[in-house]
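*Asks:* This is a predicted model, with the sequence first.
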Amino acid sequence: MQNTYTNTMTTSSNLLRTGYSKVEQIPVMWVLPKEVTPQCKLVIWLAGGFSKMETVLPILELLALAGYVAVSFDSWERGSRATEEPDVVATRAWANFPLVAFPILGNGALEVLRVVDWAAKEFNLSAPFAVGGRSLGGDIAVAAAELDPRIACVAAIVATPDWKRPGMHVDGVLIGEGQPDAYASYFYNRINPITNPRSYAHCPAILFECGADDELELSQAPELCVEILSPNNSSKEISSKRKLYFERGALEVWTCDLNGTVKFYNPEGELERSVLAIGFPKLVAIEIPES
């Protein structure tokens, strides 16, 4: 690791320190609050699409003002590490999304772990950590939480846990399913969130925010939808959500309460066991952090 640039920025209420570092081949940008202590928490926020990490600097600054150590980086084939212009990559992706996007998502998720390791050591921080992002950045954040149990919170904006993005449209045109090669399939089989639910047994809190008119990410529901229940959820509310998921194409809906009890449903009603994830337990261990 080598710091390549540091800067101090004064705001009306705080003093923020910003900087650029190199973590092996990964360019990293960070913003620190006025005082960094072991009690501070790490948040990694990733840019959308193929944008550079600098585009999320305002978000990093807001996080740092709230007391977080805020970090972003250009993941593989995105931002400053892209080997093609964004419009060229996008054209290839719309022609065969799995072939182009799966390696970008998989490599990006793995690099989150590398950057988390570096940031935790560099700034003397401890878990739990949070990751978020928009579009491809949000997709990568969700996948990273599968790989690293230290990630306890994810915010995914206009993103999806289903890399195949069924029903995806671009400019009103339905994008074909495409065909991954062996390299792309390697990442999909091992990291795609919706087909690897057991990897989320540590139950990270994941928030998805998608616009009602969005056709790029979630015009259809994923095959598997999971609802983490809170004491404020009513049975009528959850029943309504299940119905909505099934109307949009979901094959199974799971619910998990704070005791770790998991229930499985298909469009016909409650199941004894999941059909999509055979062997997934009815009871999982949940650790609720102290407030």
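*Replies:* Everything's here; your move.
*Asks:* the strands in the stretch 51-200 of the chain, which residues?
*Replies:* Secondary structure of the stretch 51-200 of the chain (DSSP state E, counting those that start in this stretch): strands at 69-73, 129-134, 151-157, 169-170, 173-174.
*Asks:* Most tightly packed of those strands?
*Replies:* strand 69-73 (a mean of 28; mean count of other CB atoms under 10 Å). Any C-beta I mention is one placed from the backbone N, CA and C, and that applies to glycine too.
*Asks:* so what strands line up beside that one?
*Replies:* strand 26-32 (antiparallel), strand 42-46 (parallel) (DSSP bridges).
*Asks:* what's next to stretch 243-260, contact-wise?
*Replies:* Stretch 243-260 is contacted from outside by 166-167, 197, 203, 220-231, 238, 241-242, 262-267, 271, 274-276, 283-286, 288, using CB atoms under 8 Å, 6 or more residues apart in numbering.
*Asks:* hang on, Val226 in a strand?
*Replies:* Yes: counting by DSSP: H, G, I helix; E, B strand; the rest coil, Val226 is found in a strand.
*Asks:* What does the pLDDT read for it?
*Replies:* pLDDT, Val226: 86.
*Asks:* burial measure for it, as a count.
*Replies:* 18 (other CB atoms under 10 Å).
*Asks:* Just list the residues touching it, thanks.
*Replies:* 197, 253-256.
*Asks:* what's the answer for Ala159, then?
*Replies:* Contacts of Ala159 (CB under 8 Å, 6+ apart): 133-139, 141-142, 208, 210, 217.
*Asks:* so can I have a markdown table of those residues showing distance to Leu46?
*Replies:* Shown next, in a markdown table, are these (distance: CB to CB, whole Å):
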| residue | distance to Leu46 |
| --- | --- |
| Gly133 | 3 |
| Arg134 | 8 |
| Ser135 | 9 |
| Leu136 | 8 |
| Gly137 | 3 |
| Gly138 | 7 |
| Asp139 | 9 |
| Ala141 | 6 |
| Val142 | 11 |
| Phe208 | 15 |
| Cys210 | 17 |
| Glu217 | 15 |
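*Asks:* Out of the contacts of Val226, which comes closest to Ala119?
*Replies:* Minimum distance to Ala119 across the contacts of Val226 is 27.5 Å, recorded for Pro197 (CB to CB).
*Asks:* ok, Ala144 - contacts?
*Replies:* Contacts of Ala144 by CB under 8 Å, 6+ apart are 108-109, 112-113, 131, 151, 154.
*Asks:* quick one on the thing from earlier: farthest-apart pair in the contacts of Val226, please.
*Replies:* Pro197 and Thr255 (13.2 Å).
*Asks:* Can you tell me which of the contacts of Val226 are buried?
*Replies:* 197, 253-256 (16 or more other CB atoms under 10 Å).
*Asks:* re the thing from before, to Leu65, which of the strands paired with strand 69-73 lies closest?
*Replies:* Among the strands paired with strand 69-73, if distance is taken as CB to CB, the winner is strand 26-32, at 8.9 Å.
*Asks:* what does that closest one rub up against?
*Replies:* By CB under 8 Å, 6+ apart, strand 26-32 touches 16-22, 53-54, 57, 60-61, 63-64, 69-75, 79-81, 111, 114-115, 118-119, 123.
*Asks:* Out of those, which end up buried?
*Replies:* 16, 18, 20-21, 53, 57, 60-61, 63-64, 69-75, 79, 81, 111, 115, 118-119, 123.
*Asks:* From those, which land in helices?
*Replies:* Taking DSSP state H, the ones among the buried ones among the contacts of strand 26-32 that sit in helices are 57, 60-61, 63-64, 111, 115, 118-119.
*Asks:* What is the nearest of the residues you listed to Ala95?
*Replies:* Glu111 (25.4 Å).
*Asks:* Quick check: the closest one vs Leu105, distance?
*Replies:* 11 Å (CB to CB, to the nearest Å).
*Asks:* List the residues that contact Gly79.
*Replies:* 27, 47, 50-53.
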